[in-house]
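Undergrad: Build me a structure from this.
(chains A and B)
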Amino acid sequence: MIDRARRKMSLGLSIANLGYHYAAWRHPDVPADGNMDFRHFVHCAKLAEHGKFDLIFLADSSAVRDLDNPAIARDMEHQLVKHEPMALLAAMSTVTSRVGLVPTASTTYNDPYNLTRTLATLDILSEGRAGWNMVTSFSIDEARNFGLCDTLDSTSRHARAAEFAEVMLALFDSWEADAVPRDKPSGIYYDRRKMHVLDHVGTHFKVRGPLDVPRPPQGHIPIFTAGGSDQAQELAARIADGLYAGQPDIERARAYYASVKARLAKYGRSPEDLRIMPGIMPFVGRTLQEAQDKFDMMQSLVDPRLGLGLLVVNSFPDYTGYDIEGPVPDLPLPGGRNSEFTTVMMQRARAENWTIRQLYELVSGGFWHLGVVGTPAMIADMMEEWFTTGAADGFNIQPPCIPVSAEDFVELVTPELQRRGLFRIEYETATLREHLGLQPATNRHVVQRLAAAVGETP
Amino acid sequence: MKLGFSIGSTGYHYAAWRLPDASPDGGLSARHYIESARLAERGKFDFVFIADVAAIRNFDDPRIARDREQGILKLEPTLALAAIAATTERVGLIPSVSTTYNAPYAFARRMASLDHISRGRAGWNMVTSWSLDEARNFNLDAPMDSATRHARAVEFVEVAKGLWDSWDEDAFVRDKASGIYFYRDRFHFLDHKGDFFEVRGPLDTARPPQGCLPIITAGSSEQSQELAARIADMVYAGQPNINSARSYYNSIKRRLANYGRDRDSLLIMPGIMPFVGRTQQQAEDRFARLQSLLDPKVAIGMLVINHFPDLTGYDLDGPVPEVAITKDQMSEGMKTSAREPEFTAALMERARREKLTIRQLFDVISAGFWSLGVIGTPGRIADLMEEWLTGGAADGFIVQPPDLPGAGIDFVELVIPELQRRGVFRRDYEGSTLRENLGLPWVPSRHAARRKERS
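TA: Numbers count the residues shown, from 1 in each chain, chains lettered A, B, ... in the order given. Prediction:
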């Protein structure tokens, strides 16, 4: 059990290239070409470590989405081209020594053997700081880069993901912790009895093993997932160590938190085994006015063409041609990925008589994650409330502009959280698992052997 | 001459990990890789090279003592090189990546990233995966046959190159005032539909600084040579003597014209394993030292994977027994091996002729029977390299240090200065990218002509 008095929040810094705000790259202090410039990421990595973040998180998709839809102004966005997260974090591991490194990788377009050796390598290079954000890739654009004409349906993707994670964890157990003595005098490099062949034959994968990379320092690297659906929650309860949640308000966040935590027991896990970390996009100012000015400036940089495109991406109709200062037209909703949110938003838009501009500014302001405009104390208040009242175990900080908003957070909010005893002042642990307060990983073969030795079935 | 430095684990000699100065973690750490690469950079090597196999081969054949070998465990090379990219400035970075068990899109973006992180220092050793052990890690019961693997490789390269050309160099205007990030007419869908891959593109990474990454291939078969002439910028050759190396060199260079390429557009780089000493005696002592640490069980396994029967039980100091060299005795996993039985037949022939004991046979194979090995002074090693360079057998070499860091340091401190003194190797890097240092021409984007029209 974690000592409640000492319970600290887990914080991730999401380095989405130039920031989560769609106009981030137009901010005067954001390097517009930073997404391909390694120096930008070195700066961010050092900043994250300076702010004692548990981890750096890199979102990913293996495609440039929506390029051929003229209603979406991709030519005004900065998230098009980017680094491949594994290579980038391997490079960043050399300029940091404490912060965790969590790349996103898809279970739909990877092979478990390849991904496992890649992540094990990242964990070795970083001496126990790697994690994995497991995603299943919903977009048609990714499917088309990997030989498919259409996406797999959600059930197939989730079944494949669950088997993928099983294979990965089993491959990590290929070698027991003391399987490789490299005993120079006797010439024994590894102990055959402590190496294990997997011979996995499942629905999606057939993998023999063993892994050709040593057991990673963390044993099993922490797995992160996301998603609000029943299926996604169940998968998280079964295999995840961390969960990214996109929750717009505390009531929903509490309900989600309770729903996910309640599922853990059936997999023999306790509530502390899974850290729930909602996303938050904070605009921080020393005064509320300063914060509001920062927010307003970013919103003013959203070109109407970009704004209309954001609506289309988020399953609203295409309002091109309508007066953006006029009321939101009464057009049928196209449905699609975020249709639940879209429906709620549209009801509000009608009830409150929003203009098209107001609607798209809500989207660019981060309506579906927690966008916060405030002073350090206000933001810390909100985080504290979520953290202490069953809505969150920590947060994934999604700076609107990078590095500037991340710098604001580290300079202004982090000290406030530390002062309140909610967040670490120094790193006290070495590995990402330890930072997150997770139990040490066990090796199934050791567990089985120990159980057999005392005459029990594990 | 061009020089590559092959790193990974603790060196090429099977007993290297047992040396007192060998890293106790088997070299499987960021520190070992980074220090090895920095050493190569100090020696002005064109590139560091990391071999790879996504499996542990033959771990369940009882005749092969894999549990006494260092090569079984490794780090994934593209990530190891990304870490190196961040900690070096000039040296090129070449991982082996298989076209058999990767998707070209995922590959193209990983490598483009490596090229951006290193500012134009990435290359690619393109391999196809023939082994049963790899197949079994990737949903298959048997490896793909050679023709299929090669056809897939050719298409894979086409797709990767096409993806690297997705964005024109001037696509990203990033104009903060107007809000335009890129020009819509300066990216390209690939829309590739082939026998093995369907890939729409564009790549979600900007065009690599080198445009197209230098590609290395290997192999002596007719098919491999043809593939090299068609797509490679460098060939990693395994040639045991200057005569065979010359004929291999000519055979490949001759084919270039068929693809409209000139002879200088492809570099032929034999592997060389140098045991260096300040004196000949010192070099021989270094070799003897390593051989004394070579477990006979390991050495017998080395013979088994090369079509010898299991020699366990024979007197190691007695003569090599008269045995049949045949593929039949190989386990399933080894029948697909690329190495030709003729090599082994030549080895048996030599054992007969020179009346070698089994232990002496171990010496022959450890000193580099299948590729170039040399035990000697800096002068002698430089002589040999110069002779190959000027005698139409090589454009450069990939150095396979028998042990790391020791043999690597000796090569950099003793052999490199000798090569520089003779004027056959650079004293400093000529360019900033791998392509420039190799003297390879810039490859314009396939869409460059259209771009020219536009401007």
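Undergrad: Would you mind measuring from A:Leu119 to chain B?
TA: Using Cβ to the nearest Cβ, to the nearest Å, A:Leu119 is found at 9 Å from chain B. Every residue, glycine included, has its C-beta placed from N, CA and C.
Undergrad: so which strand or helix has that residue?
TA: helix A:112-125 (DSSP states H and E).
Undergrad: CA atoms of the next helix or strand after that helix as CSV?
TA: Next helix or strand after helix A:112-125 toward the C-terminus (DSSP H and E): strand A:132-135. In CSV, the C-alpha atoms belonging to strand A:132-135 read as follows (Å, rounded to 0.1, in the frame of the first residue of the first chain):
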residue,chain,number,x,y,z
TRP,A,132,5.2,2.3,-23.8
ASN,A,133,2.0,4.1,-24.8
MET,A,134,0.1,1.3,-26.5
VAL,A,135,-2.3,2.5,-29.2
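Undergrad: wait, does strand A:132-135 make contact with chain B?
TA: No. Applying Cβ under 8 Å from any Cβ of the partner chain, one finds strand A:132-135 out of contact with chain B, separated by at least 13.4 Å.
Undergrad: So what are the sheet partners of that strand and their directions?
TA: Next to strand A:132-135 in the sheet, as set by DSSP bridges, lie strand A:100-106 (parallel), strand A:223-226 (parallel).
Undergrad: so what's residue 36 up against?
TA: I went with chain A, as the question did not name one. Under the criterion of Cβ atoms under 8 Å, 6 or more residues apart in numbering or on different chains, the contact partners of A:Met36 comprise A:Val81, A:Lys82, A:His83, B:His116, B:Thr205, B:Ala206.
Undergrad: oops, I was thinking of chain B
TA: Contacts here follow Cβ under 8 Å, 6+ apart; on that basis B:Ser36 touches B:Phe5, B:Ile7, B:Gly27, B:Val48, B:Leu404, B:Pro405, B:Gly408.
Undergrad: cutoff 10 Å now
TA: Applying Cβ atoms under 10 Å, 6 or more residues apart in numbering or on different chains, we find B:Ser36 in contact with B:5-8, B:10-11, B:27, B:48, B:50, B:80, B:84, B:401, B:404-405, B:408.
Undergrad: right, and B:Leu163 touches B:Phe187 too?
TA: No. B:Leu163 is not in contact with B:Phe187 according to Cβ atoms under 10 Å; the separation is 11.3 Å.
Undergrad: any residues in contact with both of these two?
TA: Counting by Cβ under 10 Å, 6+ apart, the shared contacts of B:Leu163 and B:Phe187 are B:Gly201, B:Pro202, B:Leu203, B:Arg207.
Undergrad: For the chain, which element, helix or strand, carries the lowest mean pLDDT?
TA: Chain wasn't specified; assuming chain A. Every helix and strand in chain A was compared by mean pLDDT, DSSP states H and E; the lowest is strand A:370-374, with a mean of 82.
Undergrad: please go with chain B instead
TA: Least confident helix or strand of chain B, by mean pLDDT, DSSP H and E, is helix B:332-335 with a mean of 64.
Undergrad: Quick one: mean pLDDT over the next helix or strand after that helix.
TA: Using DSSP H and E, the helix or strand that follows helix B:332-335 in sequence is helix B:341-353. Helix B:341-353 shows an average pLDDT of 83 in the prediction.
Undergrad: touching chain A at all, the next helix or strand after helix B:341-353?
TA: Downstream of helix B:341-353, the next assigned helix or strand under DSSP H and E is helix B:358-366. No. Contact between helix B:358-366 and chain A is absent, the nearest approach being 14.3 Å (criterion: Cβ under 10 Å from any Cβ of the partner chain).
Undergrad: Now tabulate the strands paired with strand A:132-135 in a markdown table and tack on mean neighbour count and distance to B:Val235.
TA: Formatted as a markdown table, those follow (neighbours: other Cβ atoms under 10 Å in any protein chain shown; distance: least, Cβ to Cβ, whole Å):
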| stretch | mean neighbour count | distance to B:Val235 |
| --- | --- | --- |
| strand A:100-106 | 25 | 33 |
| strand A:223-226 | 23 | 42 |
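Undergrad: Using JSON lines, lay out these together with mean pLDDT.
TA: As requested, the strands paired with strand A:132-135 are arranged in JSON lines below (pLDDT from 0 to 100):
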{"stretch": "strand A:100-106", "mean pLDDT": "97"}
{"stretch": "strand A:223-226", "mean pLDDT": "96"}
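Undergrad: List the single closest residue to whatever residue of the stretch 251-400 of chain A ends up closest to chain B in space, sequence neighbours excluded.
TA: Going by Cβ to the nearest Cβ, chain B is nearest to A:Asp303 of the stretch 251-400 of chain A, at 4.4 Å. Spatially, and ignoring its direct neighbours in sequence, A:Asp303 is nearest to B:Gly179 (4.4 Å; Cβ to Cβ, 6 or more residues apart in numbering or on different chains).
Undergrad: what about that neighbour, neighbour count?
TA: Neighbourhood size, B:Gly179 [other Cβ atoms under 10 Å in any protein chain shown]: 19.
Undergrad: avg pLDDT for the longest helix along chain A?
TA: What stands out as the longest helix in chain A, according to DSSP state H, is helix A:154-172. Summarised as a single mean, pLDDT over helix A:154-172 is 94.
Undergrad: what does the helix or strand just after it rub up against?
TA: Sequence order places strand A:200-201 as the next helix or strand after helix A:154-172, per DSSP H and E. Defining contact as Cβ under 10 Å, 6+ apart, one finds that strand A:200-201 is touched by A:112-113, A:163, A:166-167, A:170-171, A:206-209, B:137, B:139.
Undergrad: Stretch A:342-350 too?
TA: Contact partners of stretch A:342-350, identified using Cβ under 10 Å, 6+ apart, comprise A:248, A:311, A:314-317, A:327-328, A:330-331, A:333-336, A:338-339, A:354-356, A:358-359, A:362-363, A:367-368.
Undergrad: Just the buried positions in that stretch, please.
TA: A:Thr342, A:Met345, A:Met346, A:Ala349 (16 or more other Cβ atoms under 10 Å in any protein chain shown).
Undergrad: quick check: mean pLDDT across it?
TA: Averaging pLDDT along stretch A:342-350 gives 87.
Undergrad: just for chain A, where's the confidence low?
TA: Along chain A, segments meeting pLDDT under 70 span A:1-5, A:337-338, A:367-370, A:456-458.
Undergrad: check contacts around residue 71.
TA: Went with chain A since none was named. So A:Ala71 contacts A:Arg305, A:Leu308, A:Gly309, A:Leu311, A:Val312, A:Val313, A:Pro317, A:Asp318, A:Tyr319, A:Thr320 (Cβ under 10 Å, 6+ apart).
Undergrad: meant chain B actually
TA: A:189, A:212, B:8-10, B:12, B:14, B:16-17, B:26, B:51, B:53, B:56-57.
Undergrad: returning to what we had before: out of the contacts of A:Met36, flag the one nearest to A:Ser126.
TA: Closest to A:Ser126 out of the contacts of A:Met36 is A:His83 (16.5 Å), distances taken as Cβ to Cβ.
Undergrad: which SS class is the nearest residue to the closest one once chain neighbours are set aside?
TA: By the measure of Cβ to Cβ, 6+ apart, the closest residue to A:His83 outside its immediate chain neighbours is B:Ser113, 4.5 Å from it. The three-state label given to B:Ser113 by DSSP: H, G, I helix; E, B strand; the rest coil is helix.
Undergrad: What is the burial count for B:Ser113?
TA: Neighbour count of B:Ser113, defined by other Cβ under 10 Å: 28.
Undergrad: Thanks a lot, see you next time.
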